[in-house]
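K.L.:
here is my input; please provide its structure:
(2 chains)
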Amino acid sequence: MRLIHLKLAARNVRRQPHRTIALGGAVAFSALVMALILGFVNGMDLAIQNNVTLYSGGHVLVSGYTASQSGRLQNRFTDDTVVKIVESTKADILTVSPIAQSRATVVFGTREIQLMLRGVDWSRDQLYHESLILTEGDWKGLEDSRTMLMSGQTAERFGLAAGDRVIVRLSTASGQQNVTDYKVAAIYDDRAAGGMNTAFVAFGDLAADLNMKSNEQQQIAVFLNNSAAAEEAAQAIAAGLSAQGFAVSRGSASNDGALGAATPQDASIIPDAFQATGGTQGGANRRLAPGTAVYRISTVQELAGEIGAALGSIRWIGYAVFALMLLGSATGISNSYHMVLLERTKEIGMLRCIGYKKKDIFSSFVWEGILLAGGAALVGIVLALPIGFGIGLIPFDPHGDFGAALVQGHLRFAPTLGQFLLILVFVTTVAIAAVFVPARRAADVVPVEALRKTA
Amino acid sequence: MANKRSMNMKLLNARLTSKLSIVLFGLVLVFSAEAQSGPSRGGGGDPMGGIDLPPGFLEQNKDYKFPDDITKYTATDFLMLVRRTDIRSSFYNSDMSATISMVTVSPDRGTKTFKQQIFRRDKDDAFLMITLEPESRKGQGMLRVDNNMWRYDPTSRKFTHTTIKDTYENSTVTNNDFRRWQRSIDYSVEKISSGTLGNYNVIIGELKANNDEVPFPYIKMYIEADRKIVLKVEEYSLSMKLLRTAYYTQYVQIGDSFVPTVQIFQDGLIPEKRSQTTYTNISTKPLPDYYFTKEYLERVSQ
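P.N.:
Now for the predicted structure:
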């Protein structure tokens, strides 16, 4: 590349500001839209992962199921070795804590609501202490026995305040009905937690309600320093458990983890080896020998999968819109440069007469396209930043369909530099392709012929 | 000579093979015809693998001599009485079909009415229930067979697994209430007393579940001694809180069975929440085996 090409291209871009603005505006708008879409989808992806982490209680979940006397799987296990293996796994683990959960009916007066009740070991918890914003009560109050942390949404529906007592009806780990009561010690802002309405109680209290023995657990929640390492950690835990002879399966079921406690009849949690040998009946009613324990390991990415799938569609719609806009812009650029070619035929002839070669003319045209489209894309990307962050200030309904993709009731705009570079490269490549034919024609102009025609 | 013998052997082998083929072909024809003849007619078919009754469940109770004086009932007598009510409210010698009208009242959800058609085969602990009303729920079904329970939604055409412990339409009725009674299998007697319930002399028994998979760990039964029918059952949680009270206010005698045709279920935590189920058009005609299949439920729901 010679500097003269760039200088010539820059001069030509500046020569007709109206056309440059029209063409550049179209390109900039395409880049702006794409930057916004990618930034928001990225932000929603992160928000979903964070919210699912809140829903599930950790980045990696190890759920244990033990076959009862009748062979039905119950969501509980007793083996301490499992916890030790998880703790000794070579992963970047921050905390390992037991979790118990149950779908419960909370009754207050004549009103009732079904929600997920989660038992958390508050002494080992970091996740909820750091993530949840309390609007009433405090964390200290939750250290008392039989106290509950309730979502703002549920409290509002019931007209509850900190200090009120509620009745909780739930099924024990074996499926028996149980009724207990709790005092609401604190209320958290569910808008800041993706619209989650899970109620939290002390692990020991819920374990007692679920009629679990002191050495029994339902799930182990592993909280990592970096959620992106969840899959690696899950694989390491699965390998560690398998090596010790535990029956392990991977993946999330639709009704497990964040989305609800697995029913004892859920056959998908039974590892393949057991399905082949241990089953006494087919279908969902597969039974195992009493006392047999099976484990399932799921990651926050897997749990977020279903919600995240919707984001995939948005991303693809964004790509389609971007492609259409680029196509429109490319057509515009191509047409404009055909016009430019006609307007500058005499000039091209002159340049050729004073010694410019074909490739110089070609290069100046291509560089003009690159400067125009690249500059416009850059402007679009820069404009996307205040617009994206501005949209991020608009409050949305955290309990709506996309509540799980919001952060404190707001969309998060989280583009990456890589995405911006990708947009820049795409736009520039399309611009080169669009300018290519007019540039070739300009290069092929015969100087004498050009001067004669335009004389 | 050797060749001739060899030829004879080959001929014999060929004849034997052809005869064996004919026999096998005949067997195949017989089994194919059997397979294509469709399911055997109601009640008489082989059990479909439901929960087996304990040995002698029906026979032992038939000639059991209950004390004349209700104050003299022992725990064994009371358990046999519960078993009698289990047997008499069920249809072990025939199938059963009926129309169920249900009214549910809830402070949150208001009053709702439902109408269902139920088909029961108690000896296999199987039932099929199809919603007839309201229009929005029409065609939804529930099937219990082989210890599995499925809910079918004709809109999505999907079966979802459910359990007998689940409540029906967020009411006070559980799926278990549509099934045969088997309290004498699930519970053992802890304490008995006598008293009155309205105008009736009743024996009151406090029962505890035999295993931890029974939904209600404790129940209290009020059984009318004369007619040997259950009038009221209180169901308690593990923490001994009253969860639900069931009232069986009307019975109809069909053959040897006493069917509770009007059942009222009142929530123990929210007393304003209650449901009433009424059984009408009860029939004991045999039902085809295919009634208790997912394919039939799918077909009939359309």
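K.L.:
would you mind listing what in the stretch 101-250 of chain B touches chain A?
P.N.:
Within the stretch 101-250 of chain B, the residues that sit near chain A (CB under 8 Å from any CB of the partner chain) are B:107-108, B:146-148, B:161, B:163, B:165, B:209, B:211-217, B:235, B:237-239, B:241, B:243. In this view, the C-beta of every residue, glycine as well, is placed from N, C-alpha and C.
K.L.:
any quick ChimeraX command for the buried ones out of those residues?
P.N.:
With 16 or more other CB atoms under 10 Å in any protein chain shown as the criterion, this ChimeraX line picks the buried residues out of those:
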select /B:146,147,148,161,163,165,209,212,213,214,215,216,217,235,237,238,239,241,243
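K.L.:
so which of the residues of the stretch 101-250 of chain B next to chain A are in strands?
P.N.:
Members of those lying in strands (criterion: DSSP state E): B:148, B:161, B:209, B:235, B:243.
K.L.:
now residue B:233: how far from chain A?
P.N.:
14 Å (CB to the nearest CB, to the nearest Å).
K.L.:
ok, now which ones touch that residue?
P.N.:
Going by CB atoms under 8 Å, 6 or more residues apart in numbering or on different chains, residue B:233 touches B:219-222, B:245-246, B:248.
K.L.:
look up phi and psi at residue B:266.
P.N.:
phi -110, psi 130 (degrees, to the nearest 10).
K.L.:
how about the contacts made by it?
P.N.:
For residue B:266, the contacting residues are B:172, B:244-247, B:273-274, by CB under 8 Å, 6+ apart.
K.L.:
could you give the bridge partners of it?
P.N.:
residue B:245, residue B:274 (DSSP bridges).
K.L.:
so which helix or strand takes in residue A:117?
P.N.:
strand A:111-120 (DSSP states H and E).
K.L.:
state the distance from residue A:159 to residue A:151.
P.N.:
Between residue A:159 and residue A:151 the computed distance is 14 Å (CB to CB, to the nearest Å).
K.L.:
of these two, which one has the most company?
P.N.:
residue A:151 (24 against 10; other CB atoms under 10 Å in any protein chain shown).
K.L.:
wait, isn't that one in contact with residue A:187?
P.N.:
Yes: counting by CB atoms under 8 Å, residue A:151 sits close enough to residue A:187 to count as a contact (7.3 Å).
K.L.:
so what sits opposite the closest residue to residue A:250 other than its chain neighbours in the bridge?
P.N.:
Leaving aside its chain neighbours, residue A:250 sits nearest to residue A:297 (5.6 Å; criterion: CB to CB, 6 or more residues apart in numbering or on different chains). Assessed by DSSP bridges, residue A:297 has beta-bridge partners residue A:62, residue A:250.
K.L.:
how near is residue A:297 to residue A:53?
P.N.:
15 Å.
K.L.:
now residue A:127
P.N.:
From residue A:127 to residue A:53 the distance is 7 Å (CB to CB).
K.L.:
same question for residue A:405.
P.N.:
In terms of CB to CB, residue A:405 sits 14 Å off from residue A:53.
K.L.:
equivalent analysis for residue A:419, please.
P.N.:
Counting by CB to CB, the gap from residue A:419 to residue A:53 is 23 Å.
K.L.:
so for these two, which residue has more residues nearby?
P.N.:
More neighbours surround residue A:53 than the other of residue A:419 and residue A:53, with 23 against 18 (other CB under 10 Å).
K.L.:
quick one: what helix or strand has that one in it?
P.N.:
helix A:17-56.
K.L.:
report the rounded mean pLDDT for that helix.
P.N.:
Across helix A:17-56, pLDDT averages out at 84.
K.L.:
who are the packing partners of that helix?
P.N.:
With contacts taken as 3 or more CB pairs under 8 Å, 6 or more residues apart in numbering or on different chains; DSSP states H and E, helix A:17-56 sits against helix A:127-131, helix A:300-303, helix A:305-343, helix A:358-391, helix A:417-443.
K.L.:
that helix: how far from the chain's middle?
P.N.:
Centroid separation for helix A:17-56 versus its chain: 14 Å, with CA atoms, centre = their mean, to the nearest Å.
K.L.:
quick one, it and helix A:417-443 angle?
P.N.:
150 degrees (axes from the mean of the first three to the mean of the last three CA atoms, to 10 degrees).
K.L.:
need the contact list for the nearest residue to residue B:116 once chain neighbours are set aside.
P.N.:
Counting by CB to CB, 6+ apart, residue B:116 lies nearest to residue B:100, which is 4.6 Å off, once chain neighbours are set aside. Residue B:100 is in contact with B:114-118, B:129, B:178, B:277-280, counting by CB under 8 Å, 6+ apart.
K.L.:
where does residue B:100 fall, helix, sheet strand or coil?
P.N.:
strand (DSSP: H, G, I helix; E, B strand; the rest coil).
K.L.:
partners of it in the sheet?
P.N.:
residue B:116, residue B:279.
K.L.:
and if you look at residue A:118?
P.N.:
Note on residue A:118: beta-bridge partners by DSSP bridges are residue A:101, residue A:200.
K.L.:
wait, it touches residue A:104, no?
P.N.:
No: applying CB under 8 Å as the test, residue A:118 and residue A:104 come out as separate, 9.8 Å apart.
K.L.:
rewinding a little: what residues do residue A:127 and residue A:53 have in common as contacts?
P.N.:
In contact with both residue A:127 and residue A:53: residue A:223, using CB under 8 Å, 6+ apart.
K.L.:
thank you kindly, that will do.
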